[in-house]
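J.: Return a 3D structure for these sequence lines:
(one chain, ligands or ions: 1)
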Amino acid sequence: MDILLTRWGDRNGPGRRHECRRGTHECARHKRRFSRDLLRIDNSWMRFLLLWTSMSVLLAQSNNMIRVIAFGAHPDDCDIRAAGTAALFQAAGAAVKFVSVTNGDAGHQNMHGAELAARRLAEAKESARRLGIEYEVLNNHDGELLPTLEVRKQIIRQIRQWNADIVLAPRPNDYHPDHRYTGVLVQDAAYMVVVPHLIPEVPALRKNPVFLYYEDNFQRPNPFRPDIAVSLDAVIDKKIDALDSHVSQFYEWLPWVDGRLAEVPADLVERKAWLKRARTRAINAGVRASLVKWYGSEKGNAAKYYEAFEICEYGVQPGEARIRELFPMLRN
Ligand SMILES: [Zn+2]
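T.: Prediction:
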């Protein structure tokens, strides 16, 4: 004969102890109390989580550090478009986070699924280590991203928790559906990050961030406009070092897609030099004019490497003085 005493029975004291000669599975009274007990544990864990989230957001909001969050569809996209600018922000004392909206589990010719996702997460973490920034990979499938309410809420939480001053994202007219929908999702979050009753467990921002688009070559419906151009001459090798972390992409998958796998050098030093040649581009007239605007004629005309950004119409619209406040590398 066994007498079952559940934990709630002990905690509630002998006066409320319920003894039973049947198992909990057969005793309705036990089952009811056991469920209530589980609910109490869930509630207290939830309260702790909410308190912890609120405290970390308030802490982030309490200092004046410039805070930058960049979104990419895959765990190398932010690196391609903004690793150099991230390195300059990091050197100036800003807090930088890269977020990949999918886990990249379809981006390889030989590997896929959980094995590839784990490899790409490790590559992203290595890139973050080399840049001195944070990197988070969200567990949405590669190649299947849709602009759903669920993913929009993931993005809103990320921007709020980071207390972002600057949000970077692709334009929503990219060739790749994951890139395109990442652009849409960030646009859809652009106003909602300040609405307190939406996702109330993560405090809403009191000020709307500046939203910026990465550079791309797409011409329709309108070409990219280089509102801000950042010279990377001081950090180009650091950017290439960050890209070099994504071995599965830059030395395997992307060359395979392009039919150029045989061109990738086997030697580790040679392949990094090859990557630098492949990943730097000539400076067009629009970008050159933007570099001259931000750096002056001498330095702007001398710049060899750059990243450029377009100001999104959503979010706060910064003037030139505010842009120089937000981008310490543009202060002359
Ligand atoms: Zn991508």
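
J.: got the CA positions of stretch 84-96 in CSV?
T.: Provided in CSV are the C-alpha atoms of stretch 84-96 (Å, rounded to 0.1, in the frame of the first residue of the first chain):
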residue,chain,number,x,y,z
GLY,A,84,33.4,46.8,-41.8
THR,A,85,31.0,49.4,-40.4
ALA,A,86,30.4,47.1,-37.4
ALA,A,87,34.2,46.9,-36.8
LEU,A,88,34.4,50.7,-36.8
PHE,A,89,31.4,51.0,-34.5
GLN,A,90,32.9,48.5,-32.1
ALA,A,91,36.2,50.4,-32.1
ALA,A,92,34.3,53.6,-31.2
GLY,A,93,32.7,51.9,-28.2
ALA,A,94,29.2,51.2,-29.7
ALA,A,95,27.3,48.0,-29.0
VAL,A,96,26.7,46.0,-32.2
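
J.: partners of the most centrally placed residue in the chain in the sheet?
T.: Centroid check for the chain by C-alpha atoms, centre = their mean gives residue 99 as the closest residue, at 1.4 Å. With DSSP bridges as the criterion, residue 99 is bridged to residue 71, residue 136.

J.: how much space between it and the ion?
T.: 13 Å (C-beta to the ion, to the nearest Å). The C-beta positions use only the backbone N, C-alpha and C, and glycine is treated the same way.

J.: in the stretch 201-332 of the chain, which ranges drop under the pLDDT threshold?
T.: 332 (pLDDT under 70).

J.: Nearest to the ion: which residue in it?
T.: residue 249 (8.7 Å; C-beta to the ion).

J.: Which pLDDT does the model give the residue lying closest to that residue once chain neighbours are set aside?
T.: In space, and not counting its chain neighbours, residue 249 is closest to residue 76: 4.8 Å by C-beta to C-beta, 6 or more residues apart in numbering. Per-residue confidence (pLDDT) for residue 76: 98.

J.: just residue 64 next, same as before
T.: 83.

J.: quick one: it and residue 140, what's the gap?
T.: 33 Å (C-beta to C-beta, to the nearest Å).

J.: Does the residue nearest to residue 249 touch residue 246 like I think?
T.: Yes - Residue 76 sits in contact with residue 246 when judged by C-beta atoms under 8 Å, with a separation of 4.3 Å.

J.: shared neighbours, those two?
T.: Counting by C-beta atoms under 8 Å, 6 or more residues apart in numbering, the residues touching both residue 76 and residue 246 are 120, 123-124, 127.

J.: Can you convert those residues into JSON lines and add a column each for distance to residue 235?
T.: JSON lines is the format used below for those (distance: C-beta to C-beta, whole Å):
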{"residue": "120", "distance to residue 235": "24"}
{"residue": "123", "distance to residue 235": "20"}
{"residue": "124", "distance to residue 235": "19"}
{"residue": "127", "distance to residue 235": "14"}
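
J.: List the contacts of the residue nearest to the centre of the chain.
T.: 69-72, 78, 135-138, 158.

J.: again, but for residue 97
T.: 68-70, 133-136, 158, 162 are the contacts of residue 97 under C-beta under 8 Å, 6+ apart.

J.: With residue 233 instead?
T.: 302-305.

J.: from these, which are also near the ion?
T.: Near the ion, taking C-beta under 5 Å from the ion as the test, no member of the contacts of residue 233 is found.

J.: Out of the residues you listed, which end up buried?
T.: 303, 305 (16 or more other C-beta atoms under 10 Å).

J.: And the contacts of residue 233, which is closest to residue 295?
T.: Distances from residue 295 to the contacts of residue 233, taken as C-beta to C-beta, are shortest for residue 303 (6.8 Å).

J.: Next one: the closest one relative to residue 293, how far apart?
T.: For residue 303 relative to residue 293 (C-beta to C-beta), the value is 12 Å.

J.: do residue 101 as well
T.: 32 Å.

J.: So which of those two has more stuff around it?
T.: residue 101 (27 against 16; other C-beta atoms under 10 Å).

J.: who are the neighbours in contact with the more buried one?
T.: Taking C-beta under 8 Å, 6+ apart, one finds 71-73, 138, 140, 145, 151, 154-155, 178, 182, 185 in contact with residue 101.

J.: next one: residue 160
T.: 57, 193, 199, 202-205.

J.: Tell me the residue of the stretch 51-200 of the chain that sits nearest the ion?
T.: For the stretch 51-200 of the chain, C-beta to the ion, closest residue to the ion: residue 74, 3.6 Å.

J.: Could you find the closest non-adjacent residue to that residue?
T.: Using C-beta to C-beta, 6+ apart, the closest residue to residue 74 is residue 104 (4.8 Å).

J.: Helix, strand, or coil at that neighbour?
T.: What DSSP: H, G, I helix; E, B strand; the rest coil gives for residue 104 is coil.
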